[in-house]
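Enquirer: this is a predicted model, with the sequence first.
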Amino acid sequence: MSVETRLRQGFRALTAWSRPVDAALAASALTPAQMTLFRRLRRGEQLHALNVLRAVRAAGEQSPDLAVAALLHDVGKTIGPFYFHERVLVVLVKKLLPARFERWSAGEPRGWTRPFAISRRHPEWSARMLAEAGASACAVDLCRRHADPIDPPRDETERLLHVLQAADNAN
């Protein structure tokens with residue numbers, strides 16, 4: 001992901017309070033149980049998720065599973081507090097000190113390494129939360145794998161995953 005994209009994401013997060021959340025758009029793609037998960041996201045995360053959904057749909061994708069994954073792929077970050085300054089630190093360490101990121105993110109989300117563990121493990125947690133909310137196996141798999149590199153896609157699920165990753169990285 002480019003520095004420009006990361007800066008744009010940071011600016012959007014800082015100014016999220018000033019933009020409305022289109023909850024009706026989210027509700028059009030989510031079940032009530034899944035909507036409960038969406039509401040757990042911070043405002044900036046909700047706006048990001050909605051932008052990912054819009055990008056997926058702008059790419060011509062209408063898969064209901066992909067829509068659910070677009071909206072809830074980051075819900076695992078709600079497992080514990082994950083503040084803006086911690087997110088910035090995680091992004092910087094991941095980019096500049098990848099070996100330390102790997103070491104610091106390997107444990108449980110406790111103490112000063114908590115944000116690194118949340119960053120690394122949130123796809124797994126998102127998938128579990130979606131499964132508990134009754135999401136399809138495909139939507140759960142897309143969330144679980146949304147941070148995994150794939151190239152080229154080998155099947156339909158990986159093609160959807162590729163679309164999700166492109167939309168996520170652009171937003």
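Expert: Ah, there it is.
Enquirer: can you pull out the low-pLDDT segments for this protein?
Expert: 1-19 (pLDDT under 70).
Enquirer: for residue 146, give its distance to residue 85.
Expert: The gap separating residue 146 from residue 85 is 24 Å, by C-beta to C-beta, to the nearest Å. From N, CA and C alone the C-beta is placed, and that goes for glycine too.
Enquirer: more neighbours: the two, which one.
Expert: Comparing residue 146 with residue 85 by other C-beta atoms under 10 Å, the one with more neighbours is residue 146, at 21 against 8.
Enquirer: select the longest helix from this protein.
Expert: helix 114-132 (DSSP state H).
Enquirer: buried ones in it?
Expert: Buried residues in helix 114-132, defined by neighbour count with 16 or more other C-beta atoms under 10 Å: 114-123, 125-131.
Enquirer: buried stuff in the helix or strand just after it?
Expert: Downstream of helix 114-132, the next assigned helix or strand under DSSP states H and E is helix 137-144. Neighbour counts over helix 137-144 (16+ other C-beta under 10 Å) mark 138-144 as buried.
Enquirer: great, nothing more from me.
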